[in-house]
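Participant: could you work out the structure for the sequence below:
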Amino acid sequence: MIPTNNHQRPQTSSSPITPAARAMPTLLALLATLGAIVATSPTIAAAASTAPTRIVQSDQPPPTDPPADKQPSPDTAAVESADKKPRPTESGDPKPDPAETLKKLLKAAEDGDAQAMATLGAMYESGQDVKQDDAEALKWFQKAADKGAPAAMANLGAFYAAGRAVKEDHKQAVEWFRKAAEKNDTMGMFNLAVAYETGAGIEQNLEKAIHWYTRAAQGGSAHAMLNLGVLYDSGQGVEQDHAKARASYGKAADRELPEAFYSLGTMYAEGRGVERNDSLASQLYAKGAKLGDVRAMDALGVMFAEGRGMPKSDEVAVQWFGQAARRGLPKAMANLGVMHLNGRGVPKDEKKAVEWFRKAKDAGDVDGMFYLAVMYSQGREVPRDEEIAIILLQRAARAGHERSQKQLHSIDVAW
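Facilitator: Coordinates of the predicted model:
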């Protein structure tokens, strides 16, 4: 994948907490108000109540390293290195020799073949059969784009948008996205739509964003289908239409886009534009989770924890929260902390709860901030510190966390 931008990525907050400059209410008063609402049993934060997922990158998934348990052993690597003979494919034909393929592509590219140039760019971008090299990828994408290859234009734009092997330049990125889009390149259309939606490199224009998302969706882009669904779901730049949102999510799900199962599941979990159906929501979350979507993992954990649409199981909920948390989802980190704090599905462990609340807080999650404030206010596995607790509540409150706002209002502290 060649990403363009990631404006939806959660912002982290790792700066140290400093004492407030004004006098704070007494610790006893704060404890009383916190204890009245939180008591000893913080609740699971339902992922289904969050905004639908939106894709802000190109259609191709990023190259990833194989997991540790799939990495070749030194002995295996030595055998693979020694065995240079082409291997048969499923059809029985010998597998092409990567070195020979590269040689032929280079010859074709030197003879002016734009498709060969674009293919070389893609190989160097992903590290397929060659050492990954952004600068070399950029060179070949540029050559191919100059010769009018649409896919190379879209990829070149993505390099400029991400600042890969070139100075970040969103205006230049938009120019290349537009050239690709005008040649009916689906990725070019999609990334141009993203630029119009976010205002990256061009004046924000949701009407034009919808136009290009629609064109890209018609061209088969599952990511465009998803983003178009989000706009109809939220009513951004278009009249809110849950039926169209559901249809668009459904088309993306038909193409096995993991995020689409989360968004579609959320509609059924909340009864938004459809009759609420926890069983169907759980099935959709399960599909998205198995395909690797972290929000679906967290949402599925919530369904198991609350017994919605399936038998209640704290143990299974912990497993899904753990998977999402370890993949970096802040909300799941907070939920995993709640499970450790309350001893649900795992032995009660306030120290681990604090660790997960802190990780969630550092990743910008407001529930993580709130629960960590509770731990500081009550001195549970951290030093009792009223000032830190209030500062954490203020951070969460400024980000729109209602429970933090209510706590601060009850002790007459502004945020």
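
Participant: show me what secondary structure element comes after the helix or strand of the chain with the lowest mean pLDDT.
Facilitator: Lowest by mean pLDDT, DSSP states H and E among the helices and strands of the chain is helix 74-82, with a mean of 29. Next helix or strand after helix 74-82 toward the C-terminus (DSSP states H and E): helix 98-110.

Participant: which residues are contacting that following helix?
Facilitator: Helix 98-110 is contacted from outside by 115, 116, 117, 119, 120, 123, 129, 130, 140, 143, using CB atoms under 8 Å, 6 or more residues apart in numbering. Bear in mind the C-beta positions are built from the backbone N, C-alpha and C, glycine included.

Participant: do stretch 193-213 as well
Facilitator: Contacts to stretch 193-213, defined as CB under 8 Å, 6+ apart, come from residues 4-5, 7, 56-57, 161, 169-174, 177, 181, 189-190, 192, 216, 224, 227-228, 231, 236-238.

Participant: could you report the neighbour count for residue 239?
Facilitator: 7 (other CB atoms under 10 Å).

Participant: how close does it get to residue 214?
Facilitator: Applying CB to CB, to the nearest Å, the value for residue 239 to residue 214 is 15 Å.

Participant: out of the contacts of helix 98-110, which are buried?
Facilitator: For those, a burial check counting by 16 or more other CB atoms under 10 Å picks out 116, 117, 119, 120, 123, 130, 140, 143.

Participant: using TSV, please lay out the residues you listed together with distance to residue 387 and pLDDT.
Facilitator: TSV is the format used below for the buried ones among the contacts of helix 98-110 (distance: CB to CB, whole Å; pLDDT from 0 to 100):
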residue	distance to residue 387	pLDDT
116	64	96
117	61	97
119	60	96
120	59	96
123	56	96
130	56	94
140	57	97
143	60	97
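
Participant: so which of the residues you listed are in helices?
Facilitator: Among the buried ones among the contacts of helix 98-110, the members falling in helices are 116, 117, 119, 120, 123, 140, 143 (criterion: DSSP state H).

Participant: pick out the most distant pair among the residues you listed.
Facilitator: 123 and 143 (13.7 Å; CB to CB).

Participant: quick one: contacts for residue 222?
Facilitator: Per CB under 8 Å, 6+ apart, neighbours of residue 222: 59, 251, 252, 255, 256, 257, 260.

Participant: out of these, grab the one that's most surrounded.
Facilitator: Highest neighbour count within the contacts of residue 222, by other CB under 10 Å: residue 260, with 31 neighbours.
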